[in-house]
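In: what shape does this take:
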Amino acid sequence: QAPKAQGVFWTNCISMGDAGAAMFMLCGRVNHSCRPTVSWTYDNECRLTVKAVERIAAGDEVLAAYYGEHTPYGEVGNAE
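Out: Take a look at the predicted model:
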């Protein structure tokens with residue numbers, strides 16, 4: 001069971017920089033896009049704040065960039 005739980009964690013976690021990584025009930029299910037509709041930040045208490053960067057209509061998918069906007073392309077890979 002431990003390898004399965006680790007797989008679930010690493011598939012759904014959000015990097016918290018030097019603090020490690022954390023899993024959040026809803027945000028871990030947000031998909032990646034190079035054209036995100038939300039951005040997220042976290043504080044020293046590991047509280048995650050999600051903000052829309054453009055209007056999101058009811059029923060639209062919520063998308064986040066998994067990498068920082070200044071991450072070199074070679075480190076990101078071919079995301080889209």
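
In: Ala19 reaches Arg47, doesn't it?
Out: No. Judged on Cβ atoms under 8 Å, Ala19 makes no contact with Arg47 at a distance of 11.5 Å. C-beta coordinates here come from the backbone N, C-alpha and C atoms, glycine included.

In: quick check: Trp40 touching Leu63?
Out: No. Using Cβ under 8 Å, Trp40 is not in contact with Leu63, being 11.4 Å away.

In: looking at these two, which is more packed in?
Out: Leu63 (18 against 15; other Cβ atoms under 10 Å).

In: quick check: the closest residue to Ile56 other than its chain neighbours vs Leu26, distance?
Out: In space, and not counting its chain neighbours, Ile56 is closest to Thr37: 5.1 Å by Cβ to Cβ, 6 or more residues apart in numbering. Counting by Cβ to Cβ, to the nearest Å, the gap from Thr37 to Leu26 is 14 Å.

In: what's around Val30, how many residues?
Out: Neighbourhood size, Val30 [other Cβ under 10 Å]: 20.

In: cool, and Ala65?
Out: Neighbours of Ala65 (other Cβ under 10 Å): 19.

In: ok, now how distant is the closest residue to it other than its chain neighbours from Gly17?
Out: In space, and not counting its chain neighbours, Ala65 is closest to Pro36: 4.4 Å by Cβ to Cβ, 6+ apart. In this structure, Pro36 and Gly17 are 19 Å apart, going by Cβ to Cβ.
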